[in-house]
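Visitor: Fold the following, please.
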Amino acid sequence: MRVLCAAVLSMESILMGFALLIAKDQASIDQIWFGAAIAILLLLTSGMLKRKGGYLLGSIWQVFVIGYGFVIPLMFYLGGLFAILWVVAIYLGRKGEAIKAIKIASLDKDGPNQR
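Guide: Down below sits the predicted model:
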């Protein structure tokens, strides 16, 4: 689950970098700094996914990325798309971890000599 979510956050950080290139001509300096802070925080959060708080922070940053649509209107759509990818990454990650736990449990039940 961590790898999928980290990939989403990292790609989203790159997306924010491209949004900043678009915003440099039409946004105020405060809006650009806010976007840069979001991009940096997305990258930092991708490294914090070893803890449960990292997933909460990642979910909060999804709202901020969508909210950056008030600066760059296209970010409403792209932020929404990445929010969907975030939810799917969490769902598929949990599903994969459950399957892995079942396989490990069945191997432990069969004994160490059988494969």
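
Visitor: Now Phe64. Nearest residue, chain neighbours left out?
Guide: Of all residues not flanking Phe64 in the chain, Ile38 sits nearest, at 5.3 Å (Cβ to Cβ, 6 or more residues apart in numbering). C-betas here are computed from N, CA, C, even on glycine.

Visitor: what helices or strands is whichever strand or helix holds the one you found leaning on?
Guide: Secondary-structure assignment from DSSP states H and E places Ile38 in helix 29-47. Counting contacts by 3 or more Cβ pairs under 8 Å, 6 or more residues apart in numbering; DSSP states H and E, helix 29-47 is packed against helix 2-23, helix 52-67.

Visitor: and those as JSON lines, adding mean neighbour count, mean pLDDT and distance to Ile104?
Guide: Below are these laid out as JSON lines (neighbours: other Cβ atoms under 10 Å; pLDDT from 0 to 100; distance: least, Cβ to Cβ, whole Å):
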{"stretch": "helix 2-23", "mean neighbour count": "18", "mean pLDDT": "95", "distance to Ile104": "17"}
{"stretch": "helix 52-67", "mean neighbour count": "17", "mean pLDDT": "94", "distance to Ile104": "21"}
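
Visitor: Please produce CSV containing those, extended by distance to Tyr91.
Guide: Formatted as CSV, the helices and strands packed on helix 29-47 follow (distance: least, Cβ to Cβ, whole Å):
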stretch, distance to Tyr91
helix 2-23, 10
helix 52-67, 12
